[in-house]
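Student: here are the coordinates; sequence isn't available:
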DNA sequence: CATCGATGTTGAG
DNA sequence: TCAACCTCGATGG
C-alpha cells in the first residue's frame, strides 16, 4: 500500500544500516532462492528509491529491484533506526517500550540492538527480539542479514536481481520524482507531459510514467488542495495549475518523508495538521470521506471508480 | 472466525 | 476490463 514517501524512508533505512556492509542473502520462503544466491556474500553499495521502486545496489553490478505493491512490507530488526514520532506501537507492545527518535542509531558496539520495526505504508514497532537474528516469521521472500541488522521482505509485487541496463530500462519508464530529479527539470517534464494529454488529470497523477510516487491518497488530496476537477483533461489545465500541482506534490512528499506519514492537511490548515500528527482521525480532506461534509464548504464528498480505483472529491470546491 | 477491502501493478482476454 | 498476486487490519456474525 505504500506511496512514494514510504519507499524513500525504507531506502534511507538501508542506507543507514546496510550500505557498506557485507550481506548474507537467503529466501526462507524458497521462492527467491536463485536470486538470493546471486546476492549472498556481496556488499551493499547503495540504496535508492525512485517513486515506488527501490533499488539496492550490490558489488559486481547487481541490483535488487523491489516494488512493495499493495501489501508488501519490510521487517527490520537489530541495529535499525526507529523514529518514535512516526512509528506506531504494535499490539503486543502497547505498554512498556519507549523508543526515542533515532535512539537506535546511537552506537552499535557489542551485541545488536533489539528493536524490531515493520516498514510498509505505516511504520509499526513490534515486540523486541530476544535473539539475533530472529527466526523468519511467515512467508519471507528474501532475508538480508548483516552482522548487526536484518531485513525480511514479504508480499512484494516485484523482487528481482537485475543488471545496470535493466535498471536503466525501469528508470526510463518512470516519470520525475521530486526527491530524485533536479527540481526545475522535474517540473518541466511533468508540466509538459500533463498539458499534452487529453487524459483526465486524476488518471495522469496515478500514471507512474507521468510522475513517480503518487498513489490513490495523494492523488485525491492533491486535486482537492489545488481545487481541480478530477476529470479535467490534462491539456485543459493552465500552466499555473500544472506547476502548482507539481510544487504541491514536491512539498507533500518531503513532509511525508520527514514525518513518516501522509500529512495532506499541512499547509492549508495548521490546526488540522497538528491534530493529524498525533491522531488517526481527521487526516484527509476528501480521501475515504464519501458522503461526509466537505471540510471547507460542507457539500457531501462524492466517490466514483475511475481506472479501477476509487476517486474522491468535493463537487463544489472542485467544480 | 469468516469475509472484505486496500495507500498497486501486471498480464490475460 | 478484470483477475491474480498474497498480506493483514477492519468489520460483522
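Tutor: It's in. Being a predicted model, the structure only gives us computed values, none of them experimental.

Student: Enumerate the residues of the stretch 51-200 of chain A near DNA strand C.
Tutor: Applying CB under 7 Å from any atom of the strand, one finds that the stretch 51-200 of chain A approaches DNA strand C through A:69-71, A:73, A:138-139, A:154-155, A:157. All C-beta spots, glycine's among them, are computed from the backbone N, C-alpha and C.

Student: which residues in the stretch 101-250 of chain A form strands?
Tutor: For the stretch 101-250 of chain A, the strands defined by DSSP state E, counting those that start in this stretch occupy A:116-119, A:123-126, A:142-145, A:149-154, A:158-162.

Student: Sheet-wise, list the partners of the first one with their directions.
Tutor: The reference is to strand A:116-119. Its sheet considered, strand A:116-119 pairs with strand A:73-78 (antiparallel), strand A:123-126 (antiparallel) by DSSP bridges.

Student: would a markdown table of the strands of the stretch 101-250 of chain A with mean neighbour count, distance to DNA strand B and mean pLDDT be doable?
Tutor: Supplementary listing: these in a markdown table, determined by neighbours: other CB atoms under 10 Å; distance: least, CB to the nearest atom of the strand, whole Å; pLDDT from 0 to 100:
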| stretch | mean neighbour count | distance to DNA strand B | mean pLDDT |
| --- | --- | --- | --- |
| strand A:116-119 | 22 | 13 | 93 |
| strand A:123-126 | 20 | 11 | 89 |
| strand A:142-145 | 23 | 17 | 96 |
| strand A:149-154 | 24 | 13 | 96 |
| strand A:158-162 | 17 | 7 | 95 |
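
Student: so which of the ones you listed gets nearest residue A:282?
Tutor: Among those, strand A:123-126 comes nearest to residue A:282, with 20.3 Å by CB to CB.

Student: Check the offset of the closest one from the chain's centre.
Tutor: Distance, stretch centre to chain centre, for strand A:123-126: 15 Å (CA atoms, centre = their mean, to the nearest Å).

Student: Among the residues of the stretch 51-200 of chain A next to DNA strand C, which are located in helices?
Tutor: Among those, no member falls in helices (criterion: DSSP state H).

Student: of all the residues in the stretch 201-319 of chain A, which ones are close to DNA strand B?
Tutor: So far as CB under 7 Å from any atom of the strand goes, the stretch 201-319 of chain A lies against DNA strand B at A:206, A:208, A:215-217, A:262, A:308-310.

Student: again, only using 10 Å
Tutor: A:206-209, A:212-220, A:256, A:261-262, A:280, A:283-284, A:287-288, A:290, A:303, A:305, A:307-312 (CB under 10 Å from any atom of the strand).

Student: Out of those, which sit inside helices?
Tutor: Among those, the members found in helices (DSSP H) are A:206, A:216-220, A:256.

Student: Using CSV, please lay out these together with distance to DNA strand C, neighbour count and pLDDT.
Tutor: Shown next, in CSV, are these (distance: CB to the nearest atom of the strand, whole Å; neighbours: other CB atoms under 10 Å; pLDDT from 0 to 100):
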residue, distance to DNA strand C, neighbour count, pLDDT
A:206, 13, 19, 96
A:216, 13, 19, 96
A:217, 15, 20, 96
A:218, 20, 24, 97
A:219, 17, 23, 97
A:220, 19, 28, 97
A:256, 20, 24, 94
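
Student: Among those, which one lies nearest to residue A:134?
Tutor: residue A:256 (28.9 Å).

Student: Disregarding residues adjacent in the polypeptide, which is nearest to the closest one?
Tutor: residue A:5 (3.5 Å; CB to CB, 6 or more residues apart in numbering).

Student: Check for me that the one you found belongs to a helix.
Tutor: Yes: applying DSSP: H, G, I helix; E, B strand; the rest coil, one finds residue A:5 inside a helix.

Student: can you pull the contacts of residue A:23?
Tutor: Contact partners of residue A:23, counting by CB atoms under 8 Å, 6 or more residues apart in numbering, are A:39-44, A:58, A:144-146.
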